[in-house]
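Enquirer: can you look at this prediction? I've put the sequence above it.
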Amino acid sequence: MTRRLHGACHCGAIRVMMECSTTPEKLQLRACQCGFCRRHGGLLTSDPDGQLHIEGTPGSIHRYRFGQMQADYIFCNECGAYIGAVADTDVGTIGFVNVRGVDFDAFHDRVGEKMNFEGETIAERQARRKARWSPAVLVELRQN
Amino acid sequence: MSDGPLTWRSGGCHCGAVRFEAALPARVEAQSCNCSMCAKTGFVHIIVPESRFRITRGAERLAEYTFNTGVAKHLFCPACGVKGFYRPRSNPDGWSVNARCLDTTEGLELVVEAFDGQNWEANAHSLSHLSKEPA
């Protein structure tokens, strides 16, 4: 069963569409405990058998890298909302979404599972992400 | 805000460009708000008077976002997006500090209460005392 979830940041400059291979209740919801996600209150989900589409108006998408520098963490330049992250891998671009930042209704009553990925090597981290993150497309529109 | 001796506690964004300090008692009431803005940033509010807050780094760099009445000044680090504090519409004479951005909550008893910001007009008055300077 395919289901599509739609959300956006507060100002509406960045919109997200997530295609799920199952019902959202069955997707893992992660309260990542890294310093970045803790400060943003991140609640993260992804679906390796689904699809994630992130689209921003010109100039709206800010990419931030830290730690192992293997992924781009995305927030809105206009309103600051933390949208999610994308990474380029040998199987293409993959990513996750912060359900809080784009206000996905389907997760409103859920509590995130606390996650700590400290101590992973780059190879371990890449393998985990490839197994869990969604195939993703990130598009920043151009000014015409 | 509860009574008792105050301790200056530091905090900041993720990349280190923005740093702040707030004077807090050992037991602090905080609000988790369900309005459209707070729901998207996960902000956990510790509201303090002006004299109990200071920006120690990066004030000139802060990005500002306003909407609706424009009274609240939503501030965030332009490099990492973290919103460590802002000028709330409920308490424009004070500051709201994000409990998630304190360096440590060790020795701090944080009592988080739900605030119904979806019905802001009906509820905002219950917060106004939090930014009053001590007499």
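Expert: Now that the structure is in, tell me what you want to look at. As the structure is a prediction and not an experimental result, all values here were calculated from the model.

Enquirer: CA only for contacts and neighbour counts going forward, please
Expert: Fine.

Enquirer: where along chain B do the helices fall?
Expert: For chain B, helices defined by DSSP state H occupy the ranges B:36-41, B:120-123.

Enquirer: nearest to chain A, out of these?
Expert: Closest to chain A of the helices of chain B, according to C-alpha to the nearest C-alpha: helix B:36-41, at 4.2 Å.

Enquirer: what's next to that closest one, contact-wise?
Expert: Here helix B:36-41 makes contact (C-alpha atoms under 8 Å, 6 or more residues apart in numbering or on different chains) with A:9-10, A:40-41, A:81-82, A:100-103, B:32-33, B:83, B:118.

Enquirer: can you flag the buried ones in these?
Expert: For the contacts of helix B:36-41, a burial check counting by 16 or more other C-alpha atoms under 10 Å in any protein chain shown picks out A:9-10, A:40-41, A:81-82, A:100-103, B:32-33, B:83.

Enquirer: separation between the residue in chain A that chain B sits nearest to and B:R27?
Expert: Nearest residue of chain A to chain B, counting by C-alpha to the nearest C-alpha: A:G101, 4.2 Å away. Between A:G101 and B:R27 the distance is 29 Å, computed by C-alpha to C-alpha, to the nearest Å.

Enquirer: check B:R57 too.
Expert: Applying C-alpha to C-alpha, the value for B:R57 to B:R27 is 26 Å.

Enquirer: what about the two, which has more around it?
Expert: Neighbour totals were compared for B:R57 and B:R27, and B:R27 leads with 17 against 14 (other C-alpha atoms under 10 Å in any protein chain shown).

Enquirer: pLDDT at that one, what is it?
Expert: Per-residue pLDDT puts B:R27 at 95.

Enquirer: what is the burial count for the nearest residue to it once chain neighbours are set aside?
Expert: Nearest residue to B:R27, sequence neighbours excluded (C-alpha to C-alpha, 6 or more residues apart in numbering or on different chains): B:E109, at 4.6 Å. B:E109 has 12 neighbours, counted by other C-alpha under 10 Å.

Enquirer: from A:E19, how far off is A:Q126?
Expert: Remark: distance between A:Q126 and A:E19 (C-alpha to C-alpha) = 22 Å.

Enquirer: so the two - more neighbours on which side?
Expert: A:E19 (22 against 17).

Enquirer: picking that back up, so the residue nearest to B:R27 versus chain A, what's the distance?
Expert: 18 Å (C-alpha to the nearest C-alpha, to the nearest Å).

Enquirer: cool, B:L130 as well?
Expert: According to C-alpha to the nearest C-alpha, B:L130 and chain A sit 23 Å apart.

Enquirer: about what we covered before: the contacts of helix B:36-41 in strands, which ones?
Expert: The strands, defined by DSSP state E, take in A:Y82, B:S32, B:C33 from the contacts of helix B:36-41.

Enquirer: for the residues you listed, give me a markdown table that also has pLDDT.
Expert: Output for the ones in strands among the contacts of helix B:36-41, formatted as a markdown table (pLDDT from 0 to 100):
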| residue | pLDDT |
| --- | --- |
| A:Y82 | 98 |
| B:S32 | 95 |
| B:C33 | 95 |
